[in-house]
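>>> predicted model, plus sequence, below.
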Amino acid sequence: MPAEPACAVPGPAPAHTRVAQALRADATPPQAPPTPRRRDPRALRTHVGTLVGAGILGALLWRLGTGALLDGLRRIDTVSVLAALVIGGVTTVCSAWRWQLVARGLRLRLPLGPAVADYYRALFLNAALPGGILGDVHRAVRHGQSAGDVRRGVKAVVLERVAGQIALAVAGAAVLLTLPSPVRAEVRAFAPLAVAAAAGALAVVLAVRMNRPPARRHGALRRALGEARRGLASRRSGPGVALSSAVVLAGHLVMFVVAARVAGSAAPVAVLLPLAVLALLAMGLPLNVGGFGPREGVTAWAFGAAALGADTGVAVAVVYGVLSFVASLPGAVVLLLRWYETLRTGPAAPAPAPSATAAPDDRPPTGAAPTGPGRQAAAGRGQSRSGAGLSSLTYESKDSARLASSSFPFSAEPREGRPMTPDSV
């Protein structure tokens, strides 16, 4: 039988093949393992707050039903809508004035007219987007970018909101301590402890500051406190901030009384004021869906404890939320107008950079002008450079107009009339 052929054993590759393989191996970078995506904690908190607010609303509707709620919504008429727009106009103008005073104390320029428009837009975004603060975030970033200092722009908005919360805390403590309410006994028992704790904390802070070396007294805390004092308590801004905060708080309380009357509650104003303060305090919790959630739960409990009916409390809170949203609707008009203005005009094109490719001998010495052939050559080069600059400007303006026309009001770029989305914030 013929012998079977033996298997061929591959020999060593040629030298040039081995060199090519080594070069390819060196040129190909090692593939790194994919990095797992990490969730943004801010987006997670927003989703958790939305879910909690939706859960509170669902539990209230399941427990109390929708009869009183729908009846209160059906009672909203033209008069109540006009009243909401008027009250919202007064409170928005005063809030924008307060923002202007705080920004001026931080050495930021903010005209009152644009401040009112931006505040309306922020109120509408707060009511339309989950979380309840994205409009204020956009307002802070936009003003900081226009003023050239985003940090101080954000700080101005934060201090402006803090001024409103301080006014609510002071007036709320006075109302809850004096007028009858479901929590007056608890507030009177807790007030001495709160005052003692605040006095002790203040004494500790003063002692630490007095015993600190002079070189360490100029820290970040002192700078922050100084900016807060200039924005809220200086001679120039303090009286206006206090007056505007009082007017804004009074407007919110009047809106709550109007909502109670629309929902069918005939309780006296002295009985409704403590309940309104509790509802406003609950609105500060970041656990809501467009403002709805904790406000309805606290109002239902407060009305039930005051023997006014928990279902009536839910109806009052929902009507208050609807009227507040109606009061913020001019912000949608501002949003659309500025979007249309951006689409019509387009962003400003950047100035062309000077050409750096010209040879040194192409430029005549200072005070001298080229003559003869050199003058004609310089003129030709100047025309070519100007033509290139004009063509680049034309293409840039066309690209900018095309990008603007394909945009939507909720864009990721914080330009005029195009607010940022929650993800970009």
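The structure has been received and is ready for your questions.

>>> so where's the stretch 301-425 of the chain uncertain?
Within the stretch 301-425 of the chain, the ranges that satisfy pLDDT under 70 run 346-425.

>>> and the helices in the stretch 251-400 of the chain, which stretches?
Counting by DSSP state H, counting those that start in this stretch, residue ranges of the helices within the stretch 251-400 of the chain are 269-283, 294-305, 310-327, 330-345, 373-405.

>>> report all helices and strands that the first one contacts.
This points to helix 269-283. Applying 3 or more CB pairs under 8 Å, 6 or more residues apart in numbering; DSSP states H and E, one finds that helix 269-283 contacts helix 150-178, helix 238-262, helix 294-305, helix 310-327. All C-beta atoms are positioned from the backbone trio N, CA, C, and that covers glycine.

>>> just the buried positions in the first one, please.
In other words, helix 150-178. By neighbour count on 16 or more other CB atoms under 10 Å, the buried set for helix 150-178 is 150, 152-157, 159-161, 163-164, 167-168, 171-172, 175-176.

>>> just the shortest one next, same as before
Using 16+ other CB under 10 Å as the burial criterion, the residues of helix 294-305 that qualify are 294-304.

>>> now do the phi/psi pair for residue 110.
Per-residue torsions, residue 110: phi -150, psi 100 (degrees, to the nearest 10).

>>> hang on, the earlier thing: let me know the closest of the buried residues of helix 294-305 to residue 225.
Among the buried residues of helix 294-305, residue 294 lies closest to residue 225 (CB to CB), at 31.0 Å.

>>> tally of neighbours for residue 274?
23 (other CB atoms under 10 Å).

>>> want to throw the helices and strands packed on helix 269-283 into TSV with distance to residue 221?
As requested, the helices and strands packed on helix 269-283 are exported to TSV (distance: least, CB to CB, whole Å):
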stretch	distance to residue 221
helix 150-178	14
helix 238-262	21
helix 294-305	32
helix 310-327	36
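
>>> residue 85: which of the ones you listed is closest?
helix 310-327 (6.0 Å).

>>> give me the angle between that closest one and helix 294-305.
Orientation of helix 310-327 against helix 294-305 (axes from the mean of the first three to the mean of the last three CA atoms, to 10 degrees) gives an angle of 140 degrees.

>>> hey, C-alpha coordinates of helix 310-327 in PDB?
Below are the C-alpha coordinates for helix 310-327, written out as PDB (Å, rounded to 0.1, in the frame of the first residue of the first chain):
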ATOM      1  CA  ALA A 310     -60.000  66.400  54.200                       C
ATOM      2  CA  ASP A 311     -61.700  66.200  50.700                       C
ATOM      3  CA  THR A 312     -62.200  70.000  50.800                       C
ATOM      4  CA  GLY A 313     -58.500  70.400  51.600                       C
ATOM      5  CA  VAL A 314     -57.500  68.300  48.600                       C
ATOM      6  CA  ALA A 315     -59.800  70.400  46.400                       C
ATOM      7  CA  VAL A 316     -58.400  73.700  47.700                       C
ATOM      8  CA  ALA A 317     -54.800  72.500  47.200                       C
ATOM      9  CA  VAL A 318     -55.500  71.400  43.600                       C
ATOM     10  CA  VAL A 319     -57.400  74.500  42.700                       C
ATOM     11  CA  TYR A 320     -54.500  76.500  44.200                       C
ATOM     12  CA  GLY A 321     -52.000  74.600  42.000                       C
ATOM     13  CA  VAL A 322     -54.200  75.200  38.900                       C
ATOM     14  CA  LEU A 323     -54.500  78.900  39.500                       C
ATOM     15  CA  SER A 324     -50.700  79.100  40.200                       C
ATOM     16  CA  PHE A 325     -50.100  77.400  36.800                       C
ATOM     17  CA  VAL A 326     -52.400  79.900  35.100                       C
ATOM     18  CA  ALA A 327     -50.500  82.800  36.800                       C
END
